[in-house]
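Asks: Turn this into a model:
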Amino acid sequence: MQEQAKQQVTDFLQQLKIEKRASVYTVKSYQRDLQQLTAFCLKYNIESWMDVQADNILKHISARHRSGLGSASLQRELSAIRSFYYYLMKTDQALNNPAQHVKAPKQPRKLPKTMDVDQVTGLLDAGANSVLETRDVAMFELFYSSGLRLSELSALNLADIDIGAQQLKVLNGKGGKSRQLPVGSKAITALNTWLLVRPSKSADETAVFTSQHGTRLGNRSIQVRLKQWCFKKGVAEPVHPHMLRHSFATHLLESSKD
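Replies: Presented below is the predicted three-dimensional model:
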């Protein structure tokens, strides 16, 4: 690139350091990112920053992605390029920002860990030795049987469950949508056992899963109970509610292939 283009980068970094009072780390990070863009422009004989177009930025970011750079790093590079061009526009050295509408590739979502059938069976068939453990087994069976989210389980009311039809209704689930879910026979048995011993603080308490004082069990309490249950049953790997939920979905998909 032309010497003027290189000087513009230097001036921008100085402005970051002196006027914006950016940290040394930020300045070095921006410098490194703009050096990558400069190398790209040299490779394709782009002489000035005014000549850079949106498709050039996209091509540059795509090449960086193919080289193994992750989504977060690409987002940072784009941020540096945008900031540089905002500076050029503010100082009348550029007419537009070619990076303004360019987006970095999304980071692929990591699939949650699941438990195999034997692990789940060992966890849920361990047996309950108290009223609270009877409640806990019913909760964990519902997680696995119906694929409930944690918030849906804690919000479940007695009126939402139809024992005879072996199904339950989730009100105001994700996106505010309601849906009907099946309940497996083992979960029905566990629920019936729990409902026989379920304490009630007041006649209008509608929650399915309550504390020993009859109040609704919250998300955090359910998480803690699952952790304690796994510790007691000798499960070394941490188990979270979503693991039971996604184990349900995985095993359902596998069984449908048989």
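Asks: Which parts of the stretch 1-150 of the chain are helices?
Replies: Applying DSSP state H, counting those that start in this stretch to the stretch 1-150 of the chain gives helices spanning 3-18, 24-43, 54-66, 71-90, 117-124, 131-146, 150-154.
Asks: Of all the ones you listed, which one is nearest Trp194?
Replies: Closest to Trp194 of the helices of the stretch 1-150 of the chain is helix 131-146 (Cβ to Cβ; 4.0 Å). For the C-beta atoms, the positions are set from N, CA and C on the backbone; glycine is no exception.
Asks: who's in contact with Leu69?
Replies: Counting by Cβ atoms under 8 Å, 6 or more residues apart in numbering, Leu69 makes contact with Glu77.
Asks: Name the helix or strand for Arg220, please.
Replies: According to DSSP states H and E, Arg220 maps onto helix 219-232.
Asks: quick one: that helix to helix 131-146, angle?
Replies: For helix 219-232 against helix 131-146, the angle by axes from the mean of the first three to the mean of the last three Cα atoms, to 10 degrees is 100 degrees.
Asks: what stretches of the stretch 151-258 of the chain score poorly on pLDDT?
Replies: Scanning the stretch 151-258 of the chain for pLDDT under 70 picks out the ranges 172-176, 200-204, 235-258.
Asks: ok, which stretches of it are strands?
Replies: Remark: strands assigned in the stretch 151-258 of the chain by DSSP state E, counting those that start in this stretch are 161-162, 167-170, 179-182.
Asks: Relative to Ser23, which of those is closest?
Replies: Closest to Ser23 of the strands of the stretch 151-258 of the chain, according to Cβ to Cβ: strand 167-170, at 47.2 Å.
Asks: Each with direction, which strands does the closest one pair with?
Replies: Strands that pair with strand 167-170, judged by DSSP bridges, come out as strand 161-162 (antiparallel), strand 179-182 (antiparallel).
Asks: Show residues contacting that strand.
Replies: For strand 167-170, the external contacting residues (Cβ under 8 Å, 6+ apart) are 142, 146, 148, 152, 156, 160-162, 178-183.
Asks: If we use 7 Å, what do you get?
Replies: For strand 167-170, contacts defined as Cβ atoms under 7 Å, 6 or more residues apart in numbering pick out 146, 152, 156, 160-162, 178-183.
Asks: which one of the residues you listed sits closest to Lys233?
Replies: Of all the contacts of strand 167-170, Lys233 sits closest to Ser146, with 21.6 Å by Cβ to Cβ.
Asks: most neighbours per residue, which of the helices of the stretch 1-150 of the chain?
Replies: For the helices of the stretch 1-150 of the chain, the largest average neighbour count (mean count of other Cβ atoms under 10 Å) is found in helix 131-146, namely a mean of 22.
Asks: coming back round to it: among the contacts of strand 167-170, which one has the most neighbours?
Replies: Highest neighbour count within these: Leu156, with 24 neighbours (other Cβ atoms under 10 Å).
Asks: for the closest residue to that residue other than its chain neighbours, what are its contacts?
Replies: Excluding the flanking residues, the one nearest Leu156 by Cβ to Cβ, 6 or more residues apart in numbering is Val208, at 4.5 Å. Contacts for Val208 were tallied using Cβ under 7 Å, 6+ apart; they are 156-158, 161.
Asks: now Val208: how far from Trp194?
Replies: Val208 sits 8 Å away from Trp194, going by Cβ to Cβ, to the nearest Å.
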